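Colleague: what follows is a predicted protein model with its sequence.
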Amino acid sequence: MDPIINLIIFICLGVASIVLSILAVTSKSLLRAATYLLLVLICTAGFYLFLNYHFLSAVQISVYAGGVVVLFIFAIFLTSNKGDVLQKHQTRRYILGLLGVVGGIGLTAFVLFKHRFLYESNTSMVGDGEISMSLIGQTLMGTEKYQYLLPFEVLSILLLAAIIGGILIARKR
């Protein structure tokens, strides 16, 4: 694709991600906030496509946009009454949130400008190459060093606990 088209699409995805993130945080309806979160996660999958990580983009859409957001919406329906609206927060919380955002942006900018990334000196990492599926599968399901079977299983137990907690909260009403 033409580099100018790539830039236009990237800017559109970035602006959409920022606007939808702000809407997800400031929305007064929990269901709308979850919908905005879904759209932010889809924009993130678009960023993965720009990096030529097709598998990671598919995982982003299927697991996060498909699974986690559906779980959030399920929990919202189980725990809220019809017509519930979020309460307005105090001004002090908005100021603390703004300070947290500015601090996070400052820390991210500091790391980006001061850190020397691996691809600067490693010429084998530059290019349009995509990691093979077999390597991703061996890394996810392996038990050796730098492989992720144990964190994967811990995450599944955490999600199961969240589902059970949501059901218990809903049953108390």
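Modeller: Yes, it's here. Numbering: from 1, shown residues only.
Colleague: could you use CA atoms for every contact and neighbour count after this?
Modeller: Will do.
Colleague: flag the shaky bits of this protein, pLDDT-wise.
Modeller: 1, 82-87, 117-130, 172-173 (pLDDT under 70).
Colleague: please repeat the previous calculation with a cut-off of 80.
Modeller: Applying pLDDT under 80 to the chain picks out residues 1, 71, 74-89, 116-133, 136-137, 140, 146, 162-163, 165-173.
Colleague: quick test: name the residue nearest the centre of it.
Modeller: In the chain, the C-alpha closest to the average C-alpha coordinate belongs to Leu41, at a distance of 5.5 Å (Cα atoms, centre = their mean).
Colleague: now do whichever strand or helix holds Leu135: distance to the chain's middle.
Modeller: Secondary structure assignment for Leu135, by DSSP states H and E: helix 133-141. Offset of helix 133-141 from its chain centre (Cα atoms, centre = their mean, to the nearest Å): 21 Å.
Colleague: start the count at 37 instead of 1 going forward.
Modeller: Noted, 37 is the first residue going forward, which turns the last one into helix 169-177.
Colleague: now that helix - C-alpha only, CSV.
Modeller: Taking C-alpha atoms only, helix 169-177 is exported to CSV below (Å, rounded to 0.1, in the frame of the first residue of the first chain):
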residue,chain,number,x,y,z
MET,A,169,2.3,-20.2,14.1
SER,A,170,4.2,-23.2,15.3
LEU,A,171,6.6,-21.0,17.2
ILE,A,172,3.7,-19.1,18.8
GLY,A,173,2.0,-22.4,19.8
GLN,A,174,5.2,-23.8,21.2
THR,A,175,5.8,-20.7,23.2
LEU,A,176,2.3,-20.5,24.5
MET,A,177,2.0,-24.2,25.5
